[in-house]
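*Asks:* A predicted structure for the sequence below; I have some questions about it.
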Amino acid sequence: SSYIASLDPQPLVRQPQQLPPVQKTFRPNKMSLQEALLQRRKDFLKHCEARMAALHKAKEARILRSSKQAAWLEEVACQSPRSRRMAEPSFTPVPVVRVFNHRDMVMATREKYNELPEIQNMKQDTKKSGKHRLNRLMAQIYSSRLQRKAVRGKVSLTHHQMVV
């Protein structure tokens, strides 16, 4: 301990112990996220690149469709009002491959939501309150049956008074 009892007017001053300096370990081969994914999760990168390619393709399809639509609208604008009513689009919408499946997104979001601590606590509280309600109901049934038996004289109520 650092406490020293003494009557000496000049207290003994202890020197703090010198600890050896802590050497920080420097890791010269720090990886970027891209490199780590490339090394460990090549499948993730492939899926990511496929999604990016699909998004790029969808963007090109939207641009193509909008240019075709603009050209068709200019063509229809030059026609008479009667022929405008009968006008049909001369272009077909470009089918776009969906990058994300809506059902899978909803399921993944629902799973993440159900794992939240607030939801877990709410489920536990609901379960506890349900158990409490059932226990109260069983206690009421027991006490009413006991009272009926006591009225008929089959059971001594004083014996069971502590239970109820």
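*Replies:* Noted; the coordinates are in hand.
*Asks:* mind listing the helices for the chain?
*Replies:* Per DSSP state H, the chain carries helices over the ranges 33-40, 42-77, 81-85, 102-114, 117-152, 157-160.
*Asks:* what packs against the third one?
*Replies:* I take that to be helix 81-85. Packing partners of helix 81-85 (3 or more C-beta pairs under 8 Å, 6 or more residues apart in numbering; DSSP states H and E): none among the helices and strands. All C-beta atoms are positioned from the backbone trio N, CA, C, and that covers glycine.
*Asks:* what are the contacting residues of that helix?
*Replies:* Residues from elsewhere that reach helix 81-85 (C-beta atoms under 8 Å, 6 or more residues apart in numbering): residue 76.
*Asks:* what does the fourth one give?
*Replies:* Contacts of helix 102-114 with the rest of the structure, by C-beta under 8 Å, 6+ apart, involve residue 119.
*Asks:* swap the cut-off to 10 Å and go again
*Replies:* For helix 102-114, contacts defined as C-beta atoms under 10 Å, 6 or more residues apart in numbering pick out 100-101, 119-120, 123.
*Asks:* spatially central, which residue of the chain would that be?
*Replies:* Centroid check for the chain by C-alpha atoms, centre = their mean gives residue 112 as the closest residue, at 2.9 Å.
*Asks:* how about low-confidence regions in the chain?
*Replies:* 1-28, 96-97, 157, 159-164 (pLDDT under 70).
*Asks:* how about a cut-off of 50?
*Replies:* 1, 3-5, 164 (pLDDT under 50).
*Asks:* and the gap between residue 84 and residue 75?
*Replies:* 10 Å (C-beta to C-beta, to the nearest Å).
*Asks:* which ones are touching the nearest residue to residue 87 once chain neighbours are set aside?
*Replies:* Counting by C-beta to C-beta, 6 or more residues apart in numbering, residue 76 is the residue found nearest to residue 87 once chain neighbours are left out, at 4.9 Å. By C-beta under 10 Å, 6+ apart, the residues touching residue 76 are 83-84, 87-90.
*Asks:* what do you get for residue 101?
*Replies:* By C-beta under 10 Å, 6+ apart, the residues touching residue 101 are 107-108.
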